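Enquirer: Here's a sequence, model it:
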Amino acid sequence: MAYTEPIQAFEDMVKKFNAEAAEGLDAVFQWDVLGENGGVWHIKVADGACELVKARHPSPTVSQTCGTDLFLGMVNYEIDGMQAFMSGKLKMTGNMDVAQKIYEVFPLQ
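Expert: Residues are numbered from 1 along each chain as shown. A predicted model of the protein is given here:
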């Protein structure tokens, strides 16, 4: 199933959360999705569990900012996140080591 709205992907990320890959991880992943059906969400990962919140976190471990189309392209595995970051289309701040774990911790495929 291809995601057509960001909220679908975030809800699925929580459902498919890989606790084993997140072992020992205490982090907050935040997304600012700009454009239609966008918003700000964060997922807190701690103690082998995760929680989705539709709000800005005061101090996320990793924060990503991108447009809706780019976000949907990444979660649908049509666009490589690293290439989007390197080309400047995806803005990312925070701990890059933690950022690299996103696809392992939240395997959408």
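
Enquirer: Show me which residues of the helix or strand encompassing I7 are buried.
Expert: Assigned by DSSP states H and E, I7 belongs to helix 6-15. Across helix 6-15, burial judged by 16 or more other Cβ atoms under 10 Å covers P6, A9, F10, D12, M13. Yep, even glycine has a C-beta here, placed from its N, CA and C like the rest.

Enquirer: okay, the residues you listed in JSON lines with pLDDT and distance to L108 next?
Expert: Shown next, in JSON lines, are the buried residues of helix 6-15 (pLDDT from 0 to 100; distance: Cβ to Cβ, whole Å):
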{"residue": "P6", "pLDDT": "97", "distance to L108": "12"}
{"residue": "A9", "pLDDT": "96", "distance to L108": "7"}
{"residue": "F10", "pLDDT": "97", "distance to L108": "10"}
{"residue": "D12", "pLDDT": "96", "distance to L108": "6"}
{"residue": "M13", "pLDDT": "96", "distance to L108": "7"}
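
Enquirer: what's the closest of the residues you listed to K54?
Expert: F10 (8.2 Å; Cβ to Cβ).

Enquirer: Okay, the closest one and I43: tell me how far apart.
Expert: Relative to I43, F10 is positioned 7 Å away (Cβ to Cβ, to the nearest Å).

Enquirer: what's the overlap in contacts for these two?
Expert: Common contact partners of F10 and I43 (Cβ atoms under 8 Å, 6 or more residues apart in numbering): L52.
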